[in-house]
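**Student:** just need the structure, nothing else, for what follows:
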Amino acid sequence: MLDIRFIRENPEAVKENIKKKFQEEKLPLVDQVLALDSENRAAITEASELRSQRNTLSKQVGMLMGQAKKDPSKLEEAEKVKAQVKANADRLAELEKKEGELEEKIREIMMVIPNIIDASVPVGPDDSCNVEVERFGEPAVPDFEVPYHTEIMERFGGIDLDAAGRVAGNGFYYLLGDIARLHEAVLAYARDFMIDKGFTYCIPPFMIRSNVVTGVMSFAEMDAMMYKIEGEDLYLIGTSEHSVIGRYIDQILQEKDLPQTLTSYSPCFRKEKGAHGIEERGVYRIHQFEKQEMVVVCRPEESMDWYEKMWRFSVELFRSMDIPVRQLECCSGDLADLKVKSCDIEAWSPRQKKYFEVCSCSNMGDAQARRLKLRVKGGDGKTYLPHTLNNTVAAPPRMLIALLENNLQADGSVRIPEALRPYMGGKTVILPKE
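**Tutor:** The predicted model follows:
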């Protein structure tokens, strides 16, 4: 969410930003919010003047009532001033109600106007315009067929989609045996990897209230992602970032305590609306999964440095498991409304002979802080809004696909990358049951 003062001073820049995000339908919102803001400021000014008059008139009534003891003619004058005080009080009540209504309308519109994207973001309408920046590791295609990931898992007796469908419906799964153990090994390794980078390990609440939801994401994202708990003001989290950032709602942090660096574990729950391609069957796009996340709250001038560090952590993690990856810069039309800048880390799929998304790193600027009323008190005693950033460390369902495909051997076994072996009881390879 933008600062209303920024919109007042830079309406054309806000409109140009909307155009860059290919959301022309939102252009009228800028003029609408400015008109409401002007009306609100006029109401605030009038209300302030009435409050000032109230003090003056009240003193005048007291003086006239005192004089009326000696001069009865002053009583009539006092009654007139009393009537004016009453009229002013009625008008002030109207204005205060109007202020509240206008501020709510302004906030509703402000929540929809997208954040100002960074100048370095490539302009394009959708993810087809995302730009490959750099590759890490050599993508390879083995001289044997790489089966679909669920077929690989089935050879190890490691997945049961049919039973999950009977129990919970499509988009769920049972993981078993070595595959389940490999899943947990990835999470444990990702946790320790981030702890070694100096991040504090965190397990947050897996449900959050609506004021936190609207504080961390756009309405469009919320509708597409979140599951609502019926009869309660609670939502299941779609990613632990939302719960971790929500920890700071209505807080004032001390500048000396920045940056806040957290790595959080949680299950994640997502509606995943819409149809998807054949390669998104199995455990690629699902309603429930587990994830290790990284979150940073920092001074504004440090956020781009942290953005660079965070996506590079993802690259380092994947390369330590012998998985080739690439960094993909997200274009303007592919950025959610709160994001200033974002990139995806994509892993190589030998089966598909292309890359697929496994991590998403985002700089949110001060948008989440403003919505959550999170502030920082600087050394000079003044408060300001910090920047927040988030990035996937590991989401094992997708990472598991990349891990299995890139470490599959010709005999059907899967080599365990050295980094994961301590978490797999020292195993160097897992063997199929058949």
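
**Student:** skipping its backbone neighbours, what lies nearest residue 147 in space?
**Tutor:** Distances taken as CB to CB, 6 or more residues apart in numbering place residue 351 nearest to residue 147, at 7.3 Å, with adjacent residues excluded. For the C-beta atoms, the positions are set from N, CA and C on the backbone; glycine is no exception.

**Student:** ok now do the one you found, which residues does it touch?
**Tutor:** 146, 147, 148, 149, 405 (CB atoms under 8 Å, 6 or more residues apart in numbering).

**Student:** which one of those has the most neighbours?
**Tutor:** residue 149 (25 neighbours; other CB atoms under 10 Å).

**Student:** and the nearest residue to that residue once chain neighbours are set aside, what pLDDT?
**Tutor:** Nearest non-adjacent residue to residue 149, counting by CB to CB, 6+ apart: residue 401, 4.5 Å away. At residue 401, the model reports a pLDDT of 95.

**Student:** distance from stretch 123-139 to the middle of the chain?
**Tutor:** 22 Å (CA atoms, centre = their mean, to the nearest Å).

**Student:** quick one: contacts of that stretch?
**Tutor:** By CB under 8 Å, 6+ apart, stretch 123-139 touches 20, 22, 122, 315, 318-319, 322-334, 343-344, 348, 350, 355.

**Student:** before we move on, the earlier item: in helices, which of the contacts of residue 351 fall?
**Tutor:** 149, 405 (DSSP state H).

**Student:** of the contacts of residue 351, closest to residue 103?
**Tutor:** Nearest to residue 103 among those is residue 149, at 50.7 Å by CB to CB.

**Student:** dump the residue contacts of that closest one.
**Tutor:** Residue 149 sits next to 282, 283, 284, 351, 400, 401, 404, 405 when contact means CB under 8 Å, 6+ apart.

**Student:** now do the same contact list for the first one.
**Tutor:** In this case it means residue 282. Neighbouring residues of residue 282 by CB under 8 Å, 6+ apart: 148, 149, 150, 161, 173, 401.

**Student:** repeat that for 10 Å
**Tutor:** Residue 282 makes contacts with 148, 149, 150, 151, 152, 153, 159, 161, 173, 397, 401, as judged by CB atoms under 10 Å, 6 or more residues apart in numbering.

**Student:** list only buried entries from the contacts of stretch 123-139.
**Tutor:** Buried residues within these, counting neighbours by 16 or more other CB atoms under 10 Å: 20, 22, 122, 315, 318, 323-334, 343-344, 348, 350, 355.

**Student:** just those residues: which are in strands?
**Tutor:** 325, 326, 327, 328, 329, 343, 344, 348, 355 (DSSP state E).

**Student:** same list (those) but as JSON lines, adding distance to residue 300.
**Tutor:** Listed next are these as JSON lines, based on distance: CB to CB, whole Å:
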{"residue": "325", "distance to residue 300": "29"}
{"residue": "326", "distance to residue 300": "29"}
{"residue": "327", "distance to residue 300": "23"}
{"residue": "328", "distance to residue 300": "25"}
{"residue": "329", "distance to residue 300": "21"}
{"residue": "343", "distance to residue 300": "19"}
{"residue": "344", "distance to residue 300": "24"}
{"residue": "348", "distance to residue 300": "35"}
{"residue": "355", "distance to residue 300": "32"}
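
**Student:** from those, pick the one nearest residue 226.
**Tutor:** residue 344 (21.6 Å).

**Student:** what distance do you get for the closest one to residue 149?
**Tutor:** 19 Å (CB to CB, to the nearest Å).

**Student:** now swap in residue 311 and tell me
**Tutor:** Using CB to CB, which is the criterion applied here, residue 311 is 25 Å from residue 149.

**Student:** next one: residue 143
**Tutor:** 19 Å.

**Student:** how big is the angle separating the host helix or strand of residue 309 from strand 325-329?
**Tutor:** Element membership for residue 309 (DSSP states H and E) is helix 303-319. Relative orientation of helix 303-319 versus strand 325-329 (axes from the mean of the first three to the mean of the last three CA atoms, to 10 degrees): 150 degrees.

**Student:** can you map out the strands along the stretch 101-250 of the chain?
**Tutor:** All strands of the stretch 101-250 of the chain, identified by DSSP state E, counting those that start in this stretch, fall at 131-136, 159-160, 174-175, 200-202, 207-208, 227-228, 235-236.

**Student:** low-confidence regions, the stretch 151-300 of the chain specifically.
**Tutor:** 273-280 (pLDDT under 70).

**Student:** in it, which spans are helices?
**Tutor:** 161-168, 177-196, 210-216, 219-225, 240-246 (DSSP state H, counting those that start in this stretch).

**Student:** possible to save the ones you listed as a markdown table with distance to residue 51 and mean neighbour count?
**Tutor:** As requested, those are exported to a markdown table (distance: least, CB to CB, whole Å; neighbours: other CB atoms under 10 Å):
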| stretch | distance to residue 51 | mean neighbour count |
| --- | --- | --- |
| helix 161-168 | 59 | 13 |
| helix 177-196 | 53 | 19 |
| helix 210-216 | 30 | 20 |
| helix 219-225 | 36 | 15 |
| helix 240-246 | 36 | 26 |
